[in-house]
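Undergrad: sequence first, then the predicted structure:
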Amino acid sequence: MADKFLFLHGWATDALVWDETAKALEVEYLNPDLPGHGNGLPWDAPTLAPALRVIEKSLFESGDSPVIAVGWSLGAQALLSYACENAGAFKALVLVGATARFTAIGDFPHGQPRTLVKRMLMDMKKDPIETLKRFYALNFTNEKLSTPRAKAFLERYLHTGSAESNQPVFKYNEIAIALEALYKGDLRPDLSGLDLPCLIMHGTLDNVCPIEAGRYLAGHIMGARLVEFDGAGHAPFITQPERFAGILKGFARGL
């Protein structure tokens, strides 16, 4: 039976970010929107539980097909959380721009300052569009911001609209709750029990989840393989799509 892929996008984006990668693989795939990000389901609690329900639904829809789950940023953290409790649900994990903990703490300096994320949560209530504008730019290095792919990303997510216009339909209050889930979450205690093939892909110049966060995951997940994208930011699948898809194909073939 052929493998099926499950893709999960990152915070304040939607399923469209994965379309090019998914099509390049030429396989069957599921690519849902997360709650509050175009999905009709609500992100109604400051935990990863709403995203875990989407994963559960997607796995049910996949039937008996083995699933290789690919997550970016928030999507990666949701997959990681689910796998720590249900490792047998996946054939393999691919974590992109991922972290076990989004905010920094004394014994984990590889995250965003808590004061910065707290300020961001407050700003999301006052002016979500301007707050997201600043965040979206962080997904790319200064060098890549002016490239066509980065510009297309920014154009799509800075101009939300309606389903009919093919623009994302965000519920800003629910996206803020999802950010609060990242602010509160810490998956480090669960990593030691994770035992399934895992590929970690991370940009060396990631401004959202630093490369050290990816290296931490690689060092704490049994048998995990880390691929670093030199000079890439938080979204290497956008800025280096051919290399990214090639590595993903090779990983899948080797399972």
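TA: Received, thanks. Being a predicted model, the structure only gives us computed values, none of them experimental.

Undergrad: restrict the helix or strand where residue 23 lies to CA atoms and write it as PDB.
TA: Assigned by DSSP states H and E, residue 23 belongs to helix 19-25. What follows is helix 19-25, C-alpha atoms only, in PDB (Å, rounded to 0.1, in the frame of the first residue of the first chain):
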ATOM      1  CA  ASP A  19       0.600  23.000  -2.200                       C
ATOM      2  CA  GLU A  20       3.700  23.200  -4.300                       C
ATOM      3  CA  THR A  21       5.700  20.700  -2.100                       C
ATOM      4  CA  ALA A  22       2.800  18.300  -2.000                       C
ATOM      5  CA  LYS A  23       2.300  18.300  -5.700                       C
ATOM      6  CA  ALA A  24       6.000  17.900  -6.400                       C
ATOM      7  CA  LEU A  25       5.900  14.600  -4.400                       C
END
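
Undergrad: contacts for it?
TA: 5, 7, 29, 31, 70, 237, 241, 244, 245, 248, 249, 252 (C-beta atoms under 8 Å, 6 or more residues apart in numbering). All C-beta atoms are positioned from the backbone trio N, CA, C, and that covers glycine.

Undergrad: among these, who's most crowded?
TA: When neighbours are counted by other C-beta atoms under 10 Å, residue 70 leads these with 29 neighbours.

Undergrad: and that residue, that one's in a strand?
TA: Yes. Secondary structure of residue 70 (DSSP: H, G, I helix; E, B strand; the rest coil): part of a strand.

Undergrad: the stretch 101-250 of the chain: strands as residue ranges?
TA: Listed in chain order, the strands of the stretch 101-250 of the chain (DSSP state E, counting those that start in this stretch) span 198-203, 225-229.

Undergrad: need those strands in a markdown table (columns: mean pLDDT, distance to residue 24 and mean neighbour count).
TA: Listed next are the strands of the stretch 101-250 of the chain as a markdown table, based on pLDDT from 0 to 100; distance: least, C-beta to C-beta, whole Å; neighbours: other C-beta atoms under 10 Å:
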| stretch | mean pLDDT | distance to residue 24 | mean neighbour count |
| --- | --- | --- | --- |
| strand 198-203 | 98 | 15 | 25 |
| strand 225-229 | 98 | 16 | 18 |
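
Undergrad: can you redo those as JSON lines with distance to residue 43?
TA: Output for these, formatted as JSON lines (distance: least, C-beta to C-beta, whole Å):
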{"stretch": "strand 198-203", "distance to residue 43": "25"}
{"stretch": "strand 225-229", "distance to residue 43": "29"}
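
Undergrad: what about residue 145, neighbour count?
TA: If you count neighbours by other C-beta under 10 Å, residue 145 ends up with 16.

Undergrad: mind checking pLDDT for the spatially closest residue to it that is not a sequence neighbour?
TA: Nearest non-adjacent residue to residue 145, counting by C-beta to C-beta, 6 or more residues apart in numbering: residue 137, 6.4 Å away. Note for residue 137: predicted pLDDT of 95.

Undergrad: pretty sure residue 137 sits against residue 157.
TA: No. Counting by C-beta atoms under 8 Å, residue 137 does not reach residue 157; the two are 10.7 Å apart.

Undergrad: mind checking how far the residue nearest to residue 203 when sequence neighbours are not counted is from residue 81?
TA: With sequence-adjacent residues excluded and distances taken as C-beta to C-beta, 6+ apart, residue 203 is closest to residue 232, at 3.2 Å. Distance, residue 232 to residue 81, using C-beta to C-beta, to the nearest Å: 25 Å.

Undergrad: neighbour count winner among those two?
TA: Neighbour comparison, residue 232 and residue 81: the larger count goes to residue 232, with 25 against 21 (by other C-beta under 10 Å).
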